[in-house]
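Undergrad: Predicted model and sequence below, questions to follow.
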Amino acid sequence: MDNNAKIDQATYDAIAKMIHSDTSPVGIDAKKTHILILMKLEEISRRLERLEQKTGE
């Protein structure tokens, strides 16, 4: 793992295991990876909306 990454090893390993694919030439399941990214972006968007409502923006 990159020393500059802001993620603990256990979380990194769990994500790597989740997106791993033996059948992919690059070793990850691209569809699953993109779905996880989109889910996280949606979560961030909802959190931002709540913060904006609290601050009156």
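TA: Yes, it's here.
Undergrad: how close does the residue sitting nearest the centre point of the chain sit to residue 18?
TA: A centroid search over the chain (CA atoms, centre = their mean) returns residue 37, at 4.7 Å, as the residue closest to the centre. In this structure, residue 37 lies at 12 Å from residue 18, with CB to CB, to the nearest Å as the measure. Glycine gets a C-beta too; all of them are placed from N, C-alpha and C.
Undergrad: Which strands or helices does the helix of greatest length in the chain pack on?
TA: Taking DSSP state H as the criterion, the chain has its longest helix at helix 30-55. Where contact means 3 or more CB pairs under 8 Å, 6 or more residues apart in numbering; DSSP states H and E, helix 30-55 is packed against helix 9-19.
Undergrad: For the helix it packs on, name the packing helices and strands.
TA: The helices and strands touching helix 9-19, judged by 3+ CB pairs under 8 Å, 6+ apart, are helix 30-55.
Undergrad: Quick check: buried residues in the helix it packs on?
TA: Buried residues in helix 30-55, defined by neighbour count with 16 or more other CB atoms under 10 Å: residue 33.
Undergrad: got the angle for that helix vs helix 9-19?
TA: Between helix 30-55 and helix 9-19, the angle comes out at 130 degrees (axes from the mean of the first three to the mean of the last three CA atoms, to 10 degrees).
Undergrad: contacting residues around residue 42?
TA: The contact partners of residue 42, by CB atoms under 8 Å, 6 or more residues apart in numbering, come to none.
Undergrad: What distance do you get for it to residue 24?
TA: As defined by CB to CB, residue 42 lies at a distance of 24 Å from residue 24.
Undergrad: do the same with residue 36
TA: Residue 36 sits 15 Å away from residue 24 when distances are taken as CB to CB.
Undergrad: Using CSV, write out the CA atom coordinates for stretch 44-55.
TA: Listed next in CSV are the C-alpha coordinates belonging to stretch 44-55 (Å, rounded to 0.1, in the frame of the first residue of the first chain):
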residue,chain,number,x,y,z
ILE,A,44,-20.8,12.3,-0.1
SER,A,45,-23.4,14.2,-2.0
ARG,A,46,-26.1,13.5,0.6
ARG,A,47,-23.8,14.5,3.4
LEU,A,48,-22.9,17.8,1.6
GLU,A,49,-26.6,18.6,1.1
ARG,A,50,-27.2,18.1,4.8
LEU,A,51,-24.3,20.3,5.7
GLU,A,52,-25.5,23.0,3.3
GLN,A,53,-28.9,22.9,4.8
LYS,A,54,-27.5,23.3,8.3
THR,A,55,-25.4,26.3,7.3
